[in-house]
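S.K.: Quick one, fold the following:
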Amino acid sequence: MNHWLLKTEPSSYSWDSLVKEKEGMWDGVRSYAARNNLMAMKVGDPVLFYHSNEGKEVVGLAKVAKEHYPDPTAKDGDWVVVNVVPVELFPKTVTLAQIKADKRLSDMALVKLSRLSVVPVKPEEFDIIVALAHDSE
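M.R.: Okay, here's the model as predicted:
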């Protein structure tokens, strides 16, 4: 099982949008590296849902519900989408500032490949983020 982080601008597609739809199609990706990550996703893979630009924070947990298929919004090229479903709105968001300040997360793709909208997450990084989101301190 792989772990992932999907970035979205909440004004375009937010956590609330995903919850309302119950299953969302992750479309519009036009980066070859991000596309390759979409193609590597498998049903059941856990996904950290990240609000970029506004908030800059991990807000919840989703999972892959349908593996890659052609992006219906693409006019040309070999672009793909996956479907994701919401699993949990985190009790606390985990901000980009928190992630950058945590030495255990210094090599996280979110930090190193900041412009990429679909990135892999190492299992230990995933566990740290989930723990921070559930930390009651």
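
S.K.: what about Val43, which SS state?
M.R.: Secondary structure, DSSP: H, G, I helix; E, B strand; the rest coil: Val43 is coil.

S.K.: and it, what pLDDT?
M.R.: The confidence metric pLDDT takes the value 98 at Val43.

S.K.: what's the helix or strand for Lys66?
M.R.: Element membership for Lys66, per DSSP states H and E: strand 57-70.

S.K.: How far does that strand sit from its chain's centre?
M.R.: In this view, strand 57-70 has its centroid 6 Å away from the chain centroid, taken as C-alpha atoms, centre = their mean, to the nearest Å.

S.K.: what's the answer for stretch 12-32, then?
M.R.: Worked out by C-alpha atoms, centre = their mean, stretch 12-32 lies 10 Å from the chain centre.

S.K.: who touches the strand holding Lys66?
M.R.: 4-6, 15, 18, 23, 38-39, 41-51, 79-90, 93-96, 99, 129-130, 133 (C-beta atoms under 8 Å, 6 or more residues apart in numbering). For glycine as for every other residue, the C-beta is placed from the backbone atoms N, C-alpha and C.

S.K.: Contacts only, for the closest residue to Lys56 other than its chain neighbours.
M.R.: Nearest residue to Lys56, sequence neighbours excluded (C-beta to C-beta, 6 or more residues apart in numbering): Leu96, at 4.1 Å. Taking C-beta under 8 Å, 6+ apart, we find Leu96 in contact with Lys56, Glu57, Leu110.

S.K.: Select from the residues you listed the one having the most neighbours.
M.R.: The residue in these with the most neighbours, by other C-beta atoms under 10 Å, is Leu110 (22 neighbours).

S.K.: State the distance from that one to Val58.
M.R.: The spacing between Leu110 and Val58, counted by C-beta to C-beta, to the nearest Å, is 9 Å.

S.K.: cool, and Val82?
M.R.: Taking C-beta to C-beta, one finds Val82 at 18 Å from Val58.

S.K.: For the longest helix seen in the chain, give me every contacting residue.
M.R.: When every helix of the chain is counted residue by residue (DSSP state H), the longest turns out to be helix 123-134. With contact meaning C-beta under 8 Å, 6+ apart, helix 123-134 is reached by 3, 46, 48, 58, 61, 90-94, 98-99, 102, 104-105, 108, 121.
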